[in-house]
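In: need coordinates for the below:
(chains A and B)
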Amino acid sequence: MTLFLQQLVNGVALGSVYALVALGLTLVYGVLKVPNFAHGALYMMAAYVVYVALTAVEAPYVVAIAAAIVAIGVLGGAMELVVFRHLEGKTPVHMMIAALGVLFFLEGTADVVWGPDFRPVPTPLDGVVSAFGVNITEQRILVIVAAVATMVGLYTLLKRTLVGMSIEALAQDREGALLVGIDTKRVALLTFAISGVLAAIAGSLIAPLVLVFPLMGAVVILKAFVIVILGGMGSVPGAIIGGYLLAIAETMAGTYVAFAFSELIAFALLVLVLVFRPTGLFTKGT
Amino acid sequence: MVGRKSVLLVAVALLAAGCGGGGDESDDGMVVVPFGFVGPLSGGAAYYGRNVLRGLEMAAEEIAANGGFVIDGQAHRFEVVTADDRYLPYETATATRRLLQQEQMSTILVPHAGGIRAVQEMNLNEPRFLLMAYSSEPSILEAQNPLQIMLPPRFDGYQEPFVRVLMGRFGTRLALLGTTTAYGRAWTEHVSAEWTRRGGTVGGNHGVDYNTTTDFTGAVSRALADDPDVLFIGGPSQPTALVIRAAREQGFQGGFLIMDQAKFMEMLQIVSMEALEGAVGVYPQELYPTEGTPGWVARYYERFGEDAPPATSEVAINYQGLHLLARAMEIAGTTEDPDAIRAAFGEAARTIDDDLRIFDMNGVTEGGHLARAVFAAHVLNGEFIAEPIPVPGGTELR
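Out: Alright, predicted model coming up:
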C-alpha cells in the first residue's frame, strides 16, 4: 500500500510536467492545426535559461523562473511572427516542415552555445518531506502545486477573458472567428506566446529534477504528442487529464509489471485510442 | 547564378579535400597521416563521442608538438578525420566507407560495439585497415578479426571484485536498476550471475532506459520496495547520478554497484561524495594510481581549460591509444600497412614512454585485446579505495 501511494505521488509529479507541456502543444494545435514539433525545444530552452540564471548570474530561483517565462514567451511569439505567420494558407506539410526546422535550429543553437554536456541545475528546494511512509522532495511538491496553479490560471484566461475567448473561438471555427471580427493574426501571436509561457513553466520547474541538455525536449515532446492525441487534439481538459493519466499509467505499469515496459505504455495507449476513439478521449462529438 | 556559385564552391571544396589527402608533406615538414574516427558527434550520444574525440585530438596535438613520430628519418604527425554516425551501427558502416573514399587511411577508431561489429565486416576487404575498437564488450573479440585492437578493459572482469566488496559490506540482497541498452542488459546478466554464484539473492529487474527516462523516482521506489542491500545501477554518468540522488532521497542506506559506463568524477558534478558512500565502480581516471596519470591530468586541463568536462577513461584510453598507434607505426616502419602495424602493437604497449603510462600495459592478447591493469574504486568513509580487477579470458600475450 505504501508502495502504491508512493508511486501515485511519483506519477502525479511526473504527470504535472507532462500536462504542462501537452497544454502548450494542444493550444497551438487549436490555432495552427498542425503539431508544433518545436514545442519541446521551447521547453528545453526554458531549462537553459533557468540554468544560466541560477549558475552564471546566481539569481534566486523565482527570478530564474520569471526570466524563463519572459524569454520563452517572447521566443514563442517570435516563432509565430517570423515563421508561421508567413505560412498561413499553406498546406499542413509546409507547417510541419517549418516546425521541424525550428526544432532543429533551436536544438543546434543549444548545442553550439552550451555543448552536448548534461548540466545539473541546483535547486534551493532540496529537502525531502515524508508522510505515511511516502517520500517526496520539496521541488516535486512545487512542481505539483505550480502546475495546478498554472492550469487554473490558464482556464480562467480562456473562459473569463476576451483574449482567452477569442483563442477558443479561433480554435473552434476559424471562419466564424473572422466573421465576428476577431483579429486572427493577433490571436495566433498570443497563442504562441502563451504556449511559450507554458513550456517555460514546465521547463523551469523540471530543470532542477533532471539534467539539462540539447535533446532533453525530444523525450518529453514525444509523450506530449501521445497525450494530445489521447486527450483529443486541441482539447485543454484532454491535455491535463491525459497528462496525469499517462504518467500514472507508466508508473503503475512499471511498478506492477516491469519498468522496461513503461516506455511502451504511452504508445500502446496511443494505438488503442487511435483504433477505438480516433478523435481522442475527451473531445465532444464533432 | 546561384547554381554556378555552388558548383564553384563544390569544386573548391573538392580541391581542398584533394590537397589534404593521405601522406602529403605539410608546411611544418612532417608527413600528415590521416586517422579516422567514426562515432557519435551529434544526437543523444554526442557527449560521449566528443569525450573520445578530445582524447584523440589531445594525443595528435602532443605528437605533433613533440616533433612527430619518426619513420626512416622522416617525421610524421596525425590528423584526426571525423565522421558522425550518431551512434547508429548502419551509419557507422556508411560513414566509414565515405571516409575511406575521401582519403586513404590505415586506421579507423570506432567507439561503440554495434558500430565495431558493422566495421568488422569491412576492414578485411580492400582497402584493408586497422580497426581500433573502443568498447568493453568482450563479444567483439569473438569475430577474431586479425586487424582489430580492442583498447578498453573487458567489462566481464568487473563483476567479481564489485560483487565481492559490496556483498561483504552490505549483505546478500541485490535489486537491478541498470539501463536497458544492449550493453546494460549484458551487464545485468553478468552481475546477476556473479551475485547468485556467491550465494546472494537477486530481486526483479526494474531497469529503465537511462537515455529516455525523464524521472527515475518511480523505478527507484519500485526497486527499494524489495528492501535491497545493494542496488545495481548504471548508464551514462549523469542520469546514473540522478538515480543515486533519488535513492538517497527515498532513504536508501545501502551500497551501489555501478556499471563501468558511469564515471565517479562526472557523477560528483551532480551528487556529493556523501551520497556515493558505499558505491563501487571503476576507479576515477584522474586519481589513477599510475606513473603517467598526474602529468596527463595536468596537460588535459591545460589544453581544454579548467572548466572542461572531467578527464575520464574515455579520454584517457583513446589518448593513450593514439600514442600507442604512433609507437606501433614507428616499430613497424610504416604508416600504411595495417597488418604490420597490428603486429607491432604488443611491442608498442611494452615500450611506450613512462609519462604515457596512464595505465600499465604489457602487451596484446592473441585475440587483439590490449591487456592493461585496471582498478575498481570502493567509496569507503569518503575515500576511493583501489581494488585490482582481474583480466578474464586468456592473458597470453604476444
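In: have a look at chain B and report its longest strand.
Out: strand B:74-84 (DSSP state E).
In: which strands or helices does the helix or strand following that one pack on?
Out: Sequence-wise, the next helix or strand downstream of strand B:74-84 (DSSP states H and E) is helix B:89-102. Counting by 3 or more CB pairs under 8 Å, 6 or more residues apart in numbering or on different chains; DSSP states H and E, the packing neighbours recorded for helix B:89-102 are strand B:31-39, strand B:74-84, strand B:107-110, helix B:113-120. For the C-beta atoms, the positions are set from N, CA and C on the backbone; glycine is no exception.
In: is any part of the longest strand of chain B close to chain A?
Out: No: interface with chain A: strand B:74-84 contributes nothing (CB under 8 Å from any CB of the partner chain), its closest point being 11.9 Å away.
In: try stretch B:312-330
Out: No: remark: stretch B:312-330 sits outside contact range of chain A, by CB under 8 Å from any CB, the gap being at least 12.5 Å.
In: what about that stretch, distance to the chain center?
Out: In terms of CA atoms, centre = their mean, to the nearest Å, the gap separating the centre of stretch B:312-330 from the centre of its chain is 11 Å.
In: and it, what's buried?
Out: Neighbour-count burial for stretch B:312-330, counted by 16 or more other CB atoms under 10 Å in any protein chain shown, picks out B:312-330.
In: could you give the mean pLDDT of it?
Out: Averaged across stretch B:312-330, pLDDT comes to 95.
In: what comes up buried for the helix or strand encompassing A:A68?
Out: Per DSSP H and E, A:A68 falls inside helix A:61-82. Using 16+ other CB under 10 Å as the test for burial, helix A:61-82 gives A:61, A:64-65, A:67-69, A:71-73, A:75-77, A:79-80.
In: which strands and helices sit next to it?
Out: Packed against helix A:61-82 by the contact rule (3+ CB pairs under 8 Å, 6+ apart) you find helix A:39-55, helix A:184-206.
In: can you name every helix or strand that the longest one contacts?
Out: Using 3+ CB pairs under 8 Å, 6+ apart, the elements in contact with helix A:184-206 are helix A:2-32, helix A:39-55, helix A:61-82, helix A:138-160, helix A:162-172, helix A:174-179.
In: what comes up buried for that helix?
Out: A:184, A:187-206.
In: dump that helix to PDB, restricted to CA.
Out: C-alpha atoms of helix A:184-206 as PDB (Å, rounded to 0.1, in the frame of the first residue of the first chain):
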ATOM      1  CA  THR A 184      -6.700  36.200 -36.100                       C
ATOM      2  CA  LYS A 185      -3.100  37.400 -36.500                       C
ATOM      3  CA  ARG A 186      -3.000  38.900 -33.100                       C
ATOM      4  CA  VAL A 187      -4.700  35.800 -31.500                       C
ATOM      5  CA  ALA A 188      -2.200  33.500 -33.300                       C
ATOM      6  CA  LEU A 189       0.700  35.500 -31.900                       C
ATOM      7  CA  LEU A 190      -0.800  35.400 -28.400                       C
ATOM      8  CA  THR A 191      -1.400  31.700 -28.600                       C
ATOM      9  CA  PHE A 192       2.200  31.000 -29.500                       C
ATOM     10  CA  ALA A 193       3.400  33.300 -26.700                       C
ATOM     11  CA  ILE A 194       1.100  31.600 -24.200                       C
ATOM     12  CA  SER A 195       2.400  28.200 -25.400                       C
ATOM     13  CA  GLY A 196       5.900  29.500 -24.800                       C
ATOM     14  CA  VAL A 197       5.000  30.600 -21.300                       C
ATOM     15  CA  LEU A 198       3.600  27.100 -20.600                       C
ATOM     16  CA  ALA A 199       6.700  25.400 -21.900                       C
ATOM     17  CA  ALA A 200       8.800  27.800 -19.800                       C
ATOM     18  CA  ILE A 201       6.900  26.900 -16.600                       C
ATOM     19  CA  ALA A 202       7.300  23.200 -17.300                       C
ATOM     20  CA  GLY A 203      11.000  23.600 -18.300                       C
ATOM     21  CA  SER A 204      11.900  25.700 -15.300                       C
ATOM     22  CA  LEU A 205      10.000  23.500 -12.800                       C
ATOM     23  CA  ILE A 206      11.600  20.300 -14.000                       C
END
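In: got the angle for it vs helix A:39-55?
Out: 50 degrees (axes from the mean of the first three to the mean of the last three CA atoms, to 10 degrees).
In: quick one: helix A:184-206 to chain centroid distance?
Out: Worked out by CA atoms, centre = their mean, helix A:184-206 lies 9 Å from the chain centre.
In: likewise for stretch B:261-272?
Out: Stretch B:261-272 has its C-alpha centroid displaced from the chain centroid by 16 Å (CA atoms, centre = their mean).
In: what's the answer for stretch B:230-245, then?
Out: Relative to the centre of its chain, stretch B:230-245 is centred 18 Å away, using CA atoms, centre = their mean.
In: can you get me the start-to-end distance on that stretch?
Out: For stretch B:230-245, the first and last residues are 15 Å from each other (CA to CA, to the nearest Å).
In: identify each buried residue in it, please.
Out: In stretch B:230-245, counting by 16+ other CB under 10 Å, buried: B:230-245.
In: show me which residues of chain A sit near chain B.
Out: Taking CB under 8 Å from any CB as the contact definition, chain A meets chain B at A:3, A:6-7, A:10-11, A:13-14, A:17, A:111, A:115-118, A:120, A:128, A:130, A:135, A:137, A:140, A:206, A:209-211, A:213, A:215, A:219-220, A:223, A:250-251, A:254-255, A:258-260, A:262-263.
In: out of the helices and strands packed on helix A:184-206, nearest to B:T293?
Out: helix A:39-55 (29.4 Å; CB to CB).
In: before we move on, back to that, could you export the helix holding A:A68 as CSV, CA atoms only?
Out: Output in CSV follows, covering the C-alpha atoms of helix A:61-82 (Å, rounded to 0.1, in the frame of the first residue of the first chain):
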residue,chain,number,x,y,z
TYR,A,61,15.1,30.6,-8.3
VAL,A,62,11.9,32.7,-8.5
VAL,A,63,13.8,35.3,-10.7
ALA,A,64,15.1,32.5,-12.8
ILE,A,65,11.6,31.2,-13.4
ALA,A,66,10.4,34.7,-14.3
ALA,A,67,13.2,35.2,-16.7
ALA,A,68,12.4,31.9,-18.4
ILE,A,69,8.7,32.8,-18.7
VAL,A,70,9.5,36.2,-20.3
ALA,A,71,12.3,34.9,-22.6
ILE,A,72,10.4,31.8,-23.8
GLY,A,73,7.1,33.7,-24.1
VAL,A,74,8.9,36.1,-26.4
LEU,A,75,10.6,33.3,-28.2
GLY,A,76,7.2,31.6,-28.8
GLY,A,77,5.7,34.7,-30.1
ALA,A,78,8.7,35.3,-32.3
MET,A,79,8.3,31.9,-33.8
GLU,A,80,4.8,32.8,-35.0
LEU,A,81,5.9,36.2,-36.2
VAL,A,82,9.0,35.0,-38.1
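In: and it, how far out from the chain's middle?
Out: Helix A:61-82 sits 14 Å away from the centroid of its parent chain (CA atoms, centre = their mean).
In: helix A:39-55 and the helix or strand that that helix is followed by, what's the angle between them?
Out: Past helix A:61-82, further along toward the C-terminus, the next helix or strand under DSSP H and E is helix A:92-114. Counting by the same axes, to 10 degrees, helix A:92-114 lies at 20 degrees to helix A:39-55.
In: what angle do helix A:2-32 and helix A:92-114 make with each other?
Out: Going by the same axes, to 10 degrees, helix A:92-114 makes 120 degrees with helix A:2-32.
In: separation between the residue sitting nearest the centre point of chain B and chain A?
Out: With distances taken as CA atoms, centre = their mean, B:E314 lies nearest the centre of chain B, 4.1 Å away. As for B:E314, its distance to chain A is 13 Å (criterion: CB to the nearest CB, to the nearest Å).
In: so what's that residue up against?
Out: Contact analysis of B:E314 by CB atoms under 8 Å, 6 or more residues apart in numbering or on different chains lists B:Y48, B:N51, B:V52, B:G55, B:P111, B:Y134, B:K263.
In: pick the most deeply packed of the helices and strands packed on helix B:89-102.
Out: Among the helices and strands packed on helix B:89-102, strand B:107-110 has the highest mean neighbour count (mean count of other CB atoms under 10 Å in any protein chain shown), at a mean of 28.
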